[in-house]
Structure formats: C-alpha cells, structure tokens
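**Q** Got a sequence here, can you model it:
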Amino acid sequence: MTHNTLTLIMAGRRARRRRWLLVTSSLAALACILCGAMLMLGSTIYPVKDVIRALSGEQLKGVSFAVSTIRLPRMLAGLLAGFAFGLAGNTFQTMLRNPLANPNVIGITAGSSAAAVFCIVILHTSDAVVSVASVIAGLATVVLIYVLSRGRTFSVGRLILVGIAIQAMLNAVISYLLLVGAQQDIPAALRWLSGSLNGAQMDELPSLAITVLICAPIVIALGKHLGLLELGEQAATSLGVNADITRIVLILSSVCMIALATAATGPIAFVAFLSGPIAKRLVGVGFSNVIPAGLVGVNLVLAADLIGQFAFEVRFPVGIITGILGAPYLLFLLIRMNRKGDL
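**A** Predicted coordinates:
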C-alpha cells in the first residue's frame with residue numbers, strides 16, 4: 001500500500017468520523033429542543049425560566065403541577081420509548097439484513113398488544129398488571145418466533161415469515177377480543193393499541209428507564225459485532241464473532257427494551273421501522289448508526305406527539321401521526337424490494 005493510498009484512506013475515515021459526530025450531535029440537540037418544547041407547550045405556554053424553576057422543586061401556582069405531574073412524565077416516556085424503539089428496530093434490521101425485520105412487522109409488539117388487550121377487556125386489571133402482562137407476552141412471543149424459525153441453521157427469511165404469521169394470528173386474537181369485550185372497555189383498549197403518551201405517570205417509568213440504561217449500553221457495545229453480522233454469519237464467524245451468542249444477546253436486549261417501551265406507551269407505529277433507515281442515510285457508511293438510530297427514534301416520537309397535540313383541531317395520539325409517516329415509506333420499500341427481486 002502506497003503512502004498516497006494510506007493518506008486517502010485516513011482522510012476518508014476522518015471525514016466519515018466528522019460526519020458521524022455532526023449528525024449525532026445535531027440529533028441530540030434536536031432531541032433537547034423537542035424535550036424543552038414538550039415541557040413548555042400545552043393549554044398554557046410557560047416560559048423557560050418558569051419551567052426550570054418548577055423542575056428545580058420551587059412551587060409555582062399552576063406551573064409546578066402542569067410541568068412536573070403532566071408534562072415531565074409525558075416527555076420522559078417519549079424520550080425513553082423513542083430511544084428504545086429506535087435502537088431495537090435498527091438492531092433487528094441490521095442483524096437480520098432486512099429492512100422488514102423490525103419488531104412491528106415480525107410480531108413482537110403484537111404479542112405485547114394481545115396480552116394488554118386481554119387484560120383490559122377480559123380481566124379488567126390495573127395498569128400495572130397490563131404492563132407486566134405485555135412485557136411477559138412480548139418476551140414469550142420472541143422466544144416462540146426464534147424457536148419456530150431456528151431449524152438446523154438460522155434463517156433470516158424463515159424468521160420473518162414465522163414472525164409475520166405469528167403477527168397475523170395475534171392480530172386476529174386482538175380483533176376477537178375487541179369484538180367480545182364490553183363496550184365500556186373498548187376505548188381504553190383502542191387508546192393503548194394506537195400508541196399514546198397520554199396519561200404517562202412517573203411511577204410507571206422506572207422499569208423502562210432501568211431497562212434502557214442496562215440494555216442500551218449492551219447493544220451499543222456490540223455495535224461493531226452487529227456490523228459484522230450484517231456481512232453474514234459465515235463472514236462474522238471467520239472474523240472471530242460468536243454469531244449465536246452475539247445474536248441471542250442482541251435479541252434479548254432489544255426485546256426487553258421493546259417490551260417495556262410497549263408496556264409504557266403502547267405499540268407506537270413505525271418508529272422502530274423508520275429509525276434505522278433514516279439514521280443510516282444521515283450517517284452514511286463506515287461508522288455504527290446504533291446511537292443515531294436511537295436519537296432518530298426519540299425525535300420521531302417527540303415531534304409526532306407535538307404535531308398530534310397542536311397541529312390539528314382534534315388531538316391525536318402519537319401512534320396515529322407516526323403511522324401516517326411510516327405507511328408511505330413501507331409501501332415505497334415494498335415496491336423497491338419487489339423491483340430488485342428481494343421479495
């Protein structure tokens with residue numbers, strides 16, 4: 001390798017690093033702005049100084065209750081859930097080398113949703129029981145999908161097909177539960193299914209926060225191995241990666257985050273699906289887009305919630321806005337994959 005070639009390689013790497021730093025810092029700054037907007041905006045708009053005083057514990061008439069009790073839990077729920085959805089969705093898409101391989105499409109969130117609807121319309125349980133049941137069901141669903149798709153060797157296509165089949169079955173179960181459920185329970189179930197930050201409570205967030213703080217660093221630390229898995233199992237193994245163990249750790253970490261986020265906010269549509277591709281296009285090649293994908297998820301959830309609250313005469317849950325954004329992209333992706341012969 002000549003000196004000029006090495007110089008060009010190093011220059012290209014520095015340029016990619018600068019781009020990664022610029023994109024990541026810009027996404028983080030945008031997330032901070034949106035967090036501030038979530039705390040300031042509402043039926044009454046409070047100035048920044050009043051918000052800071054309320055968050056510091058000072059009692060201000062009207063401001064303290066609105067900011068600390070209503071807006072802060074809503075903002076934190078969107079922040080944590082968006083990061084979890086973005087990180088986990090990108091992990092599945094990269095590891096399985098398929099943009100369709102995200103928790104929404106392959107049935108993981110459908111498992112959590114079916115359990116939640118069953119608890120709401122049949123058992124009439126509390127919100128805490130709904131959350132626990134949705135987490136357990138999400139974990140059980142991913143284990144079932146992984147076992148059924150395993151075979152003699154791991155197959156991405158088989159996992160996606162099994163996941164889609166499981167999702168269709170669980171969606172049928174949800175429809176049946178809504179059909180036979182009591183009329184007064186249906187609105188609560190539909191609000192949960194649409195994905196919403198309404199009614200977020202501080203006492204519901206510690207479990208999600210702890211899960212994200214534990215699982216997100218694991219996924220980030222395995223980001224390099226995740227990139228090698230994208231090359232294929234044989235290539236990753238030849239480069240010293242234990243593909244099975246790495247895949248299991250990544251799947252378990254991602255599913256835990258997805259399950260807890262779904263339990264806290266409901267299955268916010270398309271955030272896990274959109275975050276990875278957007279981050280990859282912004283960051284480019286050469287560096288991991290794990291952290292940018294999580295930040296894209298945060299920005300999507302917070303921005304969609306603000307749009308749903310203030311852009312229309314009627315307030316819409318965040319899941320409806322993200323669904324409007326994500327559905328056209330899904331159609332575009334399916335058309336492009338069909339033309340390339342990937343379907």
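**Q** Please, where are all the helices along the stretch 1-150 of the chain?
**A** Ranges of helices in the stretch 1-150 of the chain, per DSSP state H, counting those that start in this stretch, are 3-40, 48-55, 63-64, 72-95, 108-118, 127-150.
**Q** Out of those helices, flag the one nearest residue 293.
**A** Ranking the helices of the stretch 1-150 of the chain by proximity to residue 293 (C-beta to C-beta) places helix 72-95 first, at 3.5 Å. C-beta coordinates here come from the backbone N, C-alpha and C atoms, glycine included.
**Q** Give me the packing partners of the closest one, helices and strands only.
**A** Helices and strands touching helix 72-95, as assessed by 3 or more C-beta pairs under 8 Å, 6 or more residues apart in numbering; DSSP states H and E, comprise helix 3-40, helix 206-221, helix 223-229, helix 243-265, helix 271-283, helix 290-310.
**Q** Now do the same for the nearest residue to residue 301 once chain neighbours are set aside: its pLDDT.
**A** Using C-beta to C-beta, 6 or more residues apart in numbering and skipping the chain neighbours, the partner closest in space to residue 301 is residue 82 (3.4 Å). At residue 82, the model reports a pLDDT of 95.
**Q** ok, now residue 73?
**A** Turning to residue 73, the model gives it a pLDDT of 94.
**Q** need the contact list for it.
**A** 200-202, 204-205 (C-beta atoms under 8 Å, 6 or more residues apart in numbering).
**Q** Kindly report the same for residue 48.
**A** Residues in contact with residue 48 (C-beta under 8 Å, 6+ apart) are 36, 40.
**Q** mind checking how far it is from residue 59?
**A** With distances taken as C-beta to C-beta, to the nearest Å, residue 48 is found 18 Å from residue 59.
**Q** coming back round to it: which of the helices and strands packed on helix 72-95 sits closest to residue 136?
**A** Closest to residue 136 of the helices and strands packed on helix 72-95 is helix 243-265 (C-beta to C-beta; 8.1 Å).
**Q** Pull out the buried residues from that closest one.
**A** 243, 246-247, 249-265 (16 or more other C-beta atoms under 10 Å).
**Q** Same question for stretch 109-125.
**A** Applying a neighbour-count criterion of 16+ other C-beta under 10 Å, the buried positions in stretch 109-125 are 109-121.
**Q** Confidence-wise, which of those comes last?
**A** Lowest in pLDDT among the buried residues of stretch 109-125 is residue 109, which has 81.
**Q** Quick one, grab the pLDDT at the nearest residue to that residue once chain neighbours are set aside.
**A** If the residues on either side of it in the chain are set aside, residue 109 comes closest to residue 267, at 4.1 Å by C-beta to C-beta, 6+ apart. At residue 267, the predicted lDDT confidence score is 85.
**Q** again with residue 230
**A** The model's pLDDT for residue 230 equals 69.
**Q** Pull the distance from stretch 97-112 to the chain's centre.
**A** Offset of stretch 97-112 from its chain centre (C-alpha atoms, centre = their mean, to the nearest Å): 11 Å.
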